[in-house]
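Enquirer: no sequence on this one, just coordinates:
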């Protein structure tokens, strides 16, 4: 019975005078706590261009009261006459559920058909608010009022994010179900799907694990949060039942919030979003294949069919039949003989198409309209092998550089040392960086390679030189005395330059 009574709240939206009912409900729901009589409602409707007598408005208000959208006003009437008293008693206010139904209905009627942005920024804000809740619970005397505001913010953020996500994916499903999505419209929708859906998934992947971790830290203290919120003044109805409370005031709602991110009861919210994105992308690819293979021509025939439909709309019956026959080849059936030289039995002019022998039409001609041969599709290369090969080559190169660095460190003073060509090339690299970073030629300088943990020390001595021997030749550096040593982590030098 309660459901039937609440269902009547929507009756004014489909009634005969729905526009007038909506205008009356606008007057009662637009301001805060509007209390109007039928005469005042008629006056305001006249200002909006809706002419109705006071008796008609009274009948509308009484009907809205019968449906439950309006209730009688409770103003204490202080009037000089009985007539004014009776008139003042005919005042109305919007009921709680009636006002909510009207606001939601007007929001639906005013909503656009396009996509709505997803409130993805609320995920990052939820992380910050959960951190504040954890900090407040750690205080000896937490600020309960501030805690209540944070809890309400968390659940409102989650509700708004869920609603915006549902609306966005509902829009995607409605567009993807269209068979005529081609051309520029398809291209714009493809960009929206590939860019915006990827952005949503990136935000969810970044923030969802953090929110889950914060909720798991809060889980042992759910009872404490609810107990602190219960210590605030509560609204109790006259019959002793508690009023509808804001979200986050019971442990079950906190458990539902945690389950949305962890998926303890079923598939988690992030997993559902990823599955919806995969489904949308799959449908997008299916539409692309349909456009490429539409009518066997390789392109969509949407524009041609729309042009043909416009021709049909401007023709009479006779011309429309001729156009149909010319377009689709629907001419009367005729069999032709090819002369007596034909060998074997052939269907004649008197043979019905129903009884005639079928003609084998090649698939290429039937589906694509041509006789071109089609070869096998080349295999898609596997990027995994290239990835492993490049990783192996990088590892070999890094190992060779480490061996060369160890050889330089073992040599120490480089004048007269004999090293491998690889170690000599590493020395030239370090020396080049040192000379490039020290253009003013100080008395000494140090070049450090932090990755290889090796230091190259250079001391300027006029007339001196450093000669390093290798298998393929000797390296001579004039006016510099070079030496190497192992780089110790944590050391720093005012003259060192990091390679």
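Expert: Done, it's in. Predicted model only: the values in this text are computed from it and were never measured.
Enquirer: chain center to stretch 381-397, what's the gap?
Expert: 33 Å (CA atoms, centre = their mean, to the nearest Å).
Enquirer: which parts of the stretch 201-350 of the chain are helices?
Expert: Under the criterion DSSP state H, counting those that start in this stretch, the stretch 201-350 of the chain contains helices at 222-230, 251-262, 269-292, 302-313, 317-328.
Enquirer: and those helices, which is most packed in?
Expert: helix 251-262 (a mean of 17; mean count of other CB atoms under 10 Å). For every residue, glycine as well, the C-beta is placed using N, CA and C.
Enquirer: so what does it touch, helix or strand wise?
Expert: Contacts defined by 3 or more CB pairs under 8 Å, 6 or more residues apart in numbering; DSSP states H and E place helix 251-262 against helix 144-176, helix 183-218, helix 222-230, helix 269-292.
Enquirer: can you put the ones you listed in CSV and add mean pLDDT?
Expert: Below are those laid out as CSV (pLDDT from 0 to 100):
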stretch, mean pLDDT
helix 144-176, 86
helix 183-218, 81
helix 222-230, 88
helix 269-292, 76
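Enquirer: on that earlier part again, of the helices of the stretch 201-350 of the chain, which approaches residue 408 most closely?
Expert: The minimum distance between residue 408 and the helices of the stretch 201-350 of the chain falls on helix 269-292, with 50.5 Å, by CB to CB.
Enquirer: could you list the low-confidence segments of the stretch 301-450 of the chain?
Expert: 301, 331-350, 368-378, 380, 440-442 (pLDDT under 70).
Enquirer: in the chain, which spans are strands?
Expert: With DSSP state E as the criterion, the chain has strands at 36-37, 70-72, 91-94, 444-449, 454-470, 473-486, 496-498.
Enquirer: those strands: which one's closest to residue 49?
Expert: Going by CB to CB, the one of those nearest residue 49 is strand 36-37, 18.1 Å.
Enquirer: what strands line up against that closest one, and which way round?
Expert: If you go by DSSP bridges, strand 36-37 pairs up with strand 91-94 (antiparallel).
Enquirer: pull the number of nearby residues for residue 430.
Expert: Other residues near residue 430 come to 23 when the count uses other CB atoms under 10 Å.
Enquirer: OK, contacts around it?
Expert: Applying CB atoms under 8 Å, 6 or more residues apart in numbering, we find residue 430 in contact with 447, 449, 454, 456, 499.
Enquirer: test of understanding: give the bridge partners of the third one.
Expert: Beta-bridge partners of residue 454, counted by DSSP bridges, are residue 449, residue 486.
Enquirer: was I right to think it contacts residue 405?
Expert: Yes. Checked against CB atoms under 8 Å, the pair residue 454 and residue 405 is within contact range at 4.5 Å.
Enquirer: which parts of stretch 121-140 are buried?
Expert: 122-123, 126-127, 129-130, 133, 136 (16 or more other CB atoms under 10 Å).
Enquirer: what's the answer for stretch 98-105, then?
Expert: Quick answer for stretch 98-105 (16+ other CB under 10 Å): 98-99, 101-102, 105.
Enquirer: just want the most central residue of this protein.
Expert: Centroid-nearest residue in the chain, with CA atoms, centre = their mean: residue 200, separated by 3.0 Å.
Enquirer: correct me, but that residue touches residue 118?
Expert: Yes. In this structure, residue 200 is within contact of residue 118 by CB under 8 Å, at 5.4 Å.
Enquirer: now stretch 234-249: average pLDDT?
Expert: Mean pLDDT, stretch 234-249: 73.
Enquirer: now do the same end-to-end measure for that stretch.
Expert: End-to-end distance for stretch 234-249, by CA to CA, to the nearest Å: 11 Å.
Enquirer: one step back: possible to save the strands of the chain as TSV with mean neighbour count and distance to residue 424?
Expert: What follows is the strands of the chain, written out as TSV (neighbours: other CB atoms under 10 Å; distance: least, CB to CB, whole Å):
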stretch	mean neighbour count	distance to residue 424
strand 36-37	22	96
strand 70-72	17	95
strand 91-94	22	89
strand 444-449	20	15
strand 454-470	17	5
strand 473-486	16	6
strand 496-498	15	21
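Enquirer: kindly reformat those strands as a markdown table containing distance to residue 110.
Expert: Formatted as a markdown table, the strands of the chain follow (distance: least, CB to CB, whole Å):
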| stretch | distance to residue 110 |
| --- | --- |
| strand 36-37 | 23 |
| strand 70-72 | 22 |
| strand 91-94 | 18 |
| strand 444-449 | 65 |
| strand 454-470 | 70 |
| strand 473-486 | 73 |
| strand 496-498 | 62 |
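Enquirer: if we can go back for a sec, among the helices of the stretch 201-350 of the chain, which comes closest to residue 386?
Expert: Comparing the helices of the stretch 201-350 of the chain by their distance to residue 386 (CB to CB), the top pick is helix 269-292, with 24.7 Å.
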